[in-house]
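Here is a sequence together with a model predicted from it:
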Amino acid sequence: MVRFKNRYLLCEIVFDNPRHRQCIEERAIMTTVRDVLARIHGDYGVGCCTVSLAVKYLNAYTGIVLLRCRREFYQMLWSVIPFITTIESKHQRYPCIFHTLHVGATIRTCQKFLIQYNRRQLMLLLRNCSTEEERVSVTREVQSCSLKELEKDQSEEEDDYMDTDSD
């Protein structure tokens with residue numbers, strides 16, 4: 001069996017109006033990416049990239065998207081990201097900008113990067129806090145950004161795997 005190697009592009013979608021984030025869907029992002037791929041790279045680009053192109057994660061509240069594609073063609077997908085200027089969802093066009101935050105070989109490395117990125121963003125918010133209540137709230141959020149929960153879950157999964165192996 002051959003394993004297909006993938007790359008994951010972690011992107012942030014910045015909307016003109018932050019309320020538009022709630023309206024995006026995975027299907028709308030896929031359609032938009034496919035359309036821009038066709039416009040920039042033609043049928044060749046669409047054929048290469050859409051074989052394994054998938055939205056693996058979408059957080060509509062933060063505007064974070066994780067796109068997966070084959071390792072051989074991730075640069076083609078990466079080159080298309082700056083040309084995405086609108087997302088059409090539910091017969092509405094929402095102007096937006098895609099920022100590529102990270103390119104990783106696994107979802108786990110993207111998760112680690114996203115935790116560090118969120119921590120940096122929260123530290124920037126901490127500097128701009130005006131009241132003590134805001135500072136306490138943001139400080140609590142910064143302290144909650146850790147991989148301890150993820151590592152605990154992973155070790156439990158490994159223990160479960162080891163238990164089923166010994167049967």
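Structure's in. What do you need? Numbers count the residues shown, from 1 in each chain.

which residue ranges form the helices in this structure?
Assigned by DSSP state H, the chain shows helices spanning 26-49, 74-80, 107-127, 132-144, 148-166.

Among these, single out whichever gets nearest to residue 100.
Ranking the helices of the chain by proximity to residue 100 (CB to CB) places helix 74-80 first, at 6.5 Å. For the C-beta atoms, the positions are set from N, CA and C on the backbone; glycine is no exception.

Report the buried residues of the closest one.
74, 76, 77, 78, 80 (16 or more other CB atoms under 10 Å).

Repeat that for stretch 31-47.
So for stretch 31-47, counting by 16+ other CB under 10 Å, buried means 32, 33, 34, 36, 37, 38, 41, 45, 46.

so how far is residue 46 from the second one?
What it means is residue 33. Residue 33 sits 10 Å away from residue 46 when distances are taken as CB to CB, to the nearest Å.

how many neighbours does residue 107 have?
Residue 107: 15 surrounding residues under other CB atoms under 10 Å.

Name the residues that touch the longest strand along the chain?
Scanning the chain for the longest strand, with DSSP state E as the assignment, gives strand 92-104. The contact list for strand 92-104 (CB atoms under 8 Å, 6 or more residues apart in numbering) reads 7-17, 20, 23-24, 64-65, 74, 78, 81-82, 84-88, 109-110, 113-114, 117.

now it, how far from the centre of its chain.
9 Å (CA atoms, centre = their mean, to the nearest Å).

And for stretch 12-30?
12 Å.

export that stretch as CSV, just CAs?
C-alpha atoms of stretch 12-30 as CSV (Å, rounded to 0.1, in the frame of the first residue of the first chain):
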residue,chain,number,x,y,z
GLU,A,12,-6.6,33.0,8.5
ILE,A,13,-9.5,34.6,6.7
VAL,A,14,-9.8,38.3,7.4
PHE,A,15,-13.2,39.8,6.5
ASP,A,16,-14.0,43.5,6.1
ASN,A,17,-16.9,43.0,8.4
PRO,A,18,-16.1,40.5,11.3
ARG,A,19,-19.8,39.5,11.4
HIS,A,20,-19.4,37.8,8.0
ARG,A,21,-17.2,35.1,9.6
GLN,A,22,-20.3,33.3,10.9
CYS,A,23,-21.6,32.9,7.3
ILE,A,24,-18.7,30.8,5.9
GLU,A,25,-18.9,27.1,5.3
GLU,A,26,-16.4,24.5,4.2
ARG,A,27,-18.2,24.0,0.9
ALA,A,28,-18.0,27.7,0.1
ILE,A,29,-14.2,27.7,0.8
MET,A,30,-13.7,24.6,-1.4
